[in-house]
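Undergrad: Give me a 3D structure for the following:
(2 chains)
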Amino acid sequence: DTAVSQTPKYLVTQMGNDKSIKCEQNLGHDTMYWYKQDSKKFLKIMFSYNNKELIINETVPNRFSPKSPDKAHLNLHINSLELGDSAVYFCASSQEREDTQYFGPGTRLTVL
Amino acid sequence: AQSVTQLGSHVSVSEGALVLLRCNYSSSVPPYLFWYVQYPNQGLQLLLKYTTGATLVKGINGFEAEFKKSETSFHLTKPSAHMSDAAEYFCAVVNTGGFKTIFGAGTRLFVKA
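TA: Now for the predicted structure:
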């Protein structure tokens, strides 16, 4: 049983397109996150939800919009994709904000 | 504000040698500290964490770390490196009652045969 799953694993698309990444966790956690990892492996928090409420919204272009339909799901929609959006996007979850985070396998987004 | 500094973006050791990955943090309140490992093409997974209590923390795969408040450090060690330890290692800090986990820039560990 995968604890944190993401789909798709790979996403190749053209500039200007709109795409979504889905995340689901079956750990019963209250908090979920989206991170962006660049080519140098630097990990940057983008968003965090706690019990479906947005609690962290870092300096991210408003082309990125998270949506949490329930505690177990956190999706990321990206409008008007740009070359600089190419990265690996990780979803994670934790029971409390200061707890261990459990990461998904990542979605490698390539914008051409 | 919290921050994490990992000294050395790349560390190379021989198989069987000591592994030492350095992490220093800044925090205005007692922190929780974590080491995560990322194998190629995978997500991060927890190696070990310090919350309260014993300052020497043991984790998976023979790794351990010691919380030294006076030095604001949380260095990761393993007595004898294996080829399978080659990966990216991230130190992270969050304040107790905290809002956000801050990750270091990562240290890539290479293990030579």
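
Undergrad: going forward, measure contacts and count neighbours with C-alpha atoms only.
TA: Will do.

Undergrad: Endpoints of stretch B:16-33, how far apart?
TA: End-to-end distance for stretch B:16-33: 27 Å, by C-alpha to C-alpha, to the nearest Å.

Undergrad: do that stretch and chain A meet?
TA: Yes - Stretch B:16-33 is in contact with chain A by C-alpha under 8 Å from any C-alpha of the partner chain, via residue B:32.

Undergrad: for that stretch, which positions count as buried?
TA: Buried residues in stretch B:16-33, counted by 16 or more other C-alpha atoms under 10 Å in any protein chain shown: B:19-27, B:31-33.

Undergrad: Low-confidence ranges, the chain, go.
TA: The chain I'm using is chain A. A:1 (pLDDT under 70).

Undergrad: my bad, the chain I had in mind was chain B
TA: Residues of chain B that meet the cut-off, pLDDT under 70, sit at B:96-98.

Undergrad: on that earlier part again, between all of the buried residues of stretch B:16-33, which two are separated the most?
TA: B:19 and B:27 (25.8 Å; C-alpha to C-alpha).

Undergrad: Can you tell me which of the buried residues of stretch B:16-33 is closest to residue B:41?
TA: Ranked by distance to residue B:41 (C-alpha to C-alpha), these are led by residue B:21 at 21.3 Å.

Undergrad: Look through chain A and state the residue closest to chain B.
TA: Nearest residue of chain A to chain B, counting by C-alpha to the nearest C-alpha: residue A:105, 4.5 Å away.

Undergrad: Which of the three states applies to the residue nearest the centre of chain A?
TA: Nearest to the mean C-alpha position of chain A, by C-alpha atoms, centre = their mean, lies residue A:34 at 3.2 Å. Following DSSP: H, G, I helix; E, B strand; the rest coil, residue A:34 is assigned to strand.
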